[in-house]
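Q: let's see this in three dimensions:
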Amino acid sequence: MRILLVEDDPSLASGIRLALKPEHYTVDHLADGAKALAALQGNEPFDAMLLDLGLPGLDGMRVLEAVRRGGNRVPVLVLTARDAVDDRIAGLDAGADDYLVKPFEVAELKARLRALLRRSQGQASPLLECRGIRLDPASRDVCYRGEKISLSRREFTLLQEFMGHPGRIFTRDTLTRLVYGWEEDVESNTIEVHVHHLRRKLFPGLIRTVRGIGYVMDRAPQEAEA
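A: Below is the predicted model of the structure:
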């Protein structure tokens with residue numbers, strides 16, 4: 001899952017990124033509200049945004065309002081020291097999905113983020129289940145037909161994206177940004193390699209190639225597989 005972290009405190013931002021990395025999140029960080037708004041308006045694929053309100057230049061509340069006015073439905077978890085009830089109400093009414101007051105425990109941040117992503121995908125259960133595969137975002141376990149499957153961090157992230165959006169066709173470029181974010185140079189065939197490994201470790205028909213576009217994980221087997 002790719003997360004946009006918008007936080008101007010470098011120490012806090014570094015701590016959040018460090019805490020989320022073992023959870024298989026790809027975290028891109030911006031310290032400026034205007035740059036965050038530009039990234040979101042440029043249709044960068046993010047699964048959620050962690051947004052500080054006290055940003056330099058363009059305040060986080062203005063970012064949130066502009067994002068929602070533009071029709072962007074990215075789930076937003078506000079992280080802020082503004083703990084007055086009126087501030088929390090204003091943030092939620094502006095379009096935030098959840099609100100976490102600083103200082104906070106990392107464990108609570110992780111739990112709220114998991115819940116936010118689960119709600120955004122229409123999932124009542126914390127587990128993702130599709131085509132005989134069960135993925136637990138909290139424990140990071142993957143099982144296929146009752147057997148535990150060992151995946152690399154990137155493979156897990158890619159599978160979680162597919163299972164969170166069954167039936168959605170992803171372009172290779174979108175998958176590259178979701179899995180790697182902005183900060184890594186990636187070989188042109190990297191996604192193809194990860195898809196190959198997932199097919200080998202799970203089953204060949206897991207992810208279907210859409211010629212000239214990208215990949216999709218179908219909700220049910222195609223006729224050729226049945």
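
Q: switch to C-alpha atoms for all contacts and neighbour counts from now on
A: Will do.

Q: how does this protein divide into domains?
A: 2-121, 128-217 (the TED database).

Q: as CSV, the ones you listed with mean pLDDT would be great.
A: Formatted as CSV, these follow (pLDDT from 0 to 100):
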stretch, mean pLDDT
domain 2-121, 91
domain 128-217, 91
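
Q: how about JSON lines for these, with mean neighbour count added?
A: Below are the domains of the chain laid out as JSON lines (neighbours: other Cα atoms under 10 Å):
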{"stretch": "domain 2-121", "mean neighbour count": "17"}
{"stretch": "domain 128-217", "mean neighbour count": "16"}
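
Q: confirm Phe170 sits in a strand?
A: Yes - the assignment for Phe170 is a strand, going by DSSP: H, G, I helix; E, B strand; the rest coil.

Q: list the contacts for it?
A: 213-216 (Cα atoms under 8 Å, 6 or more residues apart in numbering).

Q: switch the cut-off to 7 Å
A: 214-216 (Cα atoms under 7 Å, 6 or more residues apart in numbering).

Q: in strands, which of the residues you listed fall?
A: 214-216 (DSSP state E).

Q: so how far is Ala90 from Ala13?
A: Here Ala13 is placed at a distance of 24 Å from Ala90 (Cα to Cα, to the nearest Å).

Q: hey, where'd the helices end up in the protein?
A: For the chain, the helices defined by DSSP state H cover 10-20, 33-41, 60-69, 85-93, 106-120, 153-164, 172-180, 190-201.

Q: show me what the fourth one is packed up against.
A: Judged by 3 or more Cα pairs under 7 Å, 6 or more residues apart in numbering; DSSP states H and E, helix 85-93 has no packing partners among the helices and strands.

Q: could you give the angle of that helix to helix 60-69?
A: With axes from the mean of the first three to the mean of the last three Cα atoms, to 10 degrees as the basis, helix 85-93 and helix 60-69 are set at 30 degrees to each other.

Q: only alpha carbons, please: show helix 85-93 as CSV.
A: Written as CSV, here are the backbone C-alpha positions of helix 85-93 (Å, rounded to 0.1, in the frame of the first residue of the first chain):
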residue,chain,number,x,y,z
VAL,A,85,-13.1,19.5,19.8
ASP,A,86,-13.9,22.3,17.3
ASP,A,87,-10.6,21.5,15.4
ARG,A,88,-11.5,17.9,15.2
ILE,A,89,-15.0,18.6,14.0
ALA,A,90,-13.6,21.1,11.4
GLY,A,91,-11.2,18.5,10.1
LEU,A,92,-13.8,15.7,9.8
ASP,A,93,-16.3,18.1,8.2
